[in-house]
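**Student:** only geometry, no sequence info:
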């Protein structure tokens, strides 16, 4: 009886942990600027219209990009996804930063998220960790 209870508790713990883990790769972007933001990942298409409305992070809003859309945007290189950040709703204008993400490891396991940020416009601060990014500042 004790063995059955232990196994049941273990299976329950695994079952509870899986949904939280499955959403760990949703990307949350907080835009504390006066401009909307978009990205081009891996020199592909602009996040809007490619990902629909979720491809734009509106000024003074937070935006959750679902894991499935993040994987789609980073399809060309999910283990080292380079995202050029634009402070417009259509990927026009200068790149203000480039963020590097590990969405999935090379062996297919969940990635660590944000690996590095290279600022290209010092008027902006782009910070974060894991699957959370914050954009602040601006002109």
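**Tutor:** Great, that's in hand. Just so it is clear, the structure is predicted and the values come from calculations on it, not from any experiment. Numbers count the residues shown, from 1 in each chain.
**Student:** hey, let's count contacts and neighbours off CA atoms from now on
**Tutor:** OK.
**Student:** List the residue ranges of the chain that fall below the pLDDT cut-off.
**Tutor:** Low-confidence segments of the chain, defined by pLDDT under 70: 1-24.
**Student:** where along it do the helices fall?
**Tutor:** Remark: helices assigned in the chain by DSSP state H are 2-22, 47-50, 67-73.
**Student:** Grab the most central residue of the protein for me.
**Tutor:** When C-alpha atoms, centre = their mean is applied to the chain, the residue found nearest the centroid is residue 27 (3.1 Å).
**Student:** ok, now which ones touch residue 104?
**Tutor:** 78, 79, 110, 111, 112 (C-alpha atoms under 8 Å, 6 or more residues apart in numbering).
**Student:** since we're on the residue nearest to residue 126 when sequence neighbours are not counted, how many residues are nearby?
**Tutor:** Among residues not flanking residue 126 along the chain, residue 135 sits closest, at 4.6 Å (C-alpha to C-alpha, 6 or more residues apart in numbering). Other residues within reach of residue 135, judged by other C-alpha atoms under 10 Å, total 22.
**Student:** Residue 124 is in contact with residue 135, correct?
**Tutor:** Yes: shown here, residue 135 and residue 124 form a contact pair, counting by C-alpha atoms under 8 Å, at 7.0 Å.
**Student:** What distance do you get for residue 77 to residue 122?
**Tutor:** According to C-alpha to C-alpha, to the nearest Å, residue 77 stands 27 Å off from residue 122.
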